[in-house]
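*Asks:* pasting the sequence and the predicted coordinates here, then a few questions.
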Amino acid sequence: FVTTMKFESTDFSKAPPVKSSVLSCTPDIKLNSLLMDGDLKTEFAVNAISPVVLPIIASVVEQEICKMLGDSDDSMFTPILLDAADFLIPHLEELNEDETDPLLPEKTMVIPK
């Protein structure tokens, strides 16, 4: 399975990606067998046609996987990226002088008498 994705941001140095799209999707799914609930006749029939049906099912699954990964606005990753952005954006703000001081905990420590 080889997929190339593009992540977009207004400025990667200041903001996380908020949008993604699939540039290429090349799945390679191989199905070995089908398991069906049913009687012995159903199982026998499924096993008899499985060499013909399995490649068709694999092809449909491959197409659906690429659709699920999405293109442009329908990407399944966009909501995840937006949730991550909500979490990350507060941490991307510039630090003030106190926050960059490695000795701040020692300087602000209160020692009981």
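*Replies:* Everything's here; your move. Keep in mind the model is a prediction, meaning the values are calculated, not measured. Numbering: from 1, shown residues only.
*Asks:* residues in contact with stretch 44-59?
*Replies:* 29, 30, 31, 32, 33, 34, 36 (CB atoms under 8 Å, 6 or more residues apart in numbering). To be clear about C-beta, it is placed using only N, CA and C from the backbone, and glycine gets the same treatment.
*Asks:* from residue 61, how far off is the second one?
*Replies:* It refers to residue 30. Per CB to CB, to the nearest Å, residue 30 is found 10 Å from residue 61.
*Asks:* and the two? Which one has more around it.
*Replies:* A direct count of neighbours by other CB atoms under 10 Å for residue 30 and residue 61 places residue 61 higher, at 12 against 7.
*Asks:* check which residues of the lengthiest helix in the chain are buried.
*Replies:* Longest helix in the chain, counting residues (DSSP state H): helix 40-69. For helix 40-69, a neighbour-count test (16 or more other CB atoms under 10 Å) marks 50, 54, 62, 66, 69 as buried.
*Asks:* out of those, who's nearest residue 88?
*Replies:* Nearest to residue 88 among those is residue 69, at 22.3 Å by CB to CB.
*Asks:* next, count neighbours for the closest residue to the closest one other than its chain neighbours.
*Replies:* Leaving aside its sequence neighbours, residue 69 sits nearest to residue 22 (CB to CB, 6 or more residues apart in numbering; 4.8 Å). The number of residues packed around residue 22, counting by other CB under 10 Å, is 20.
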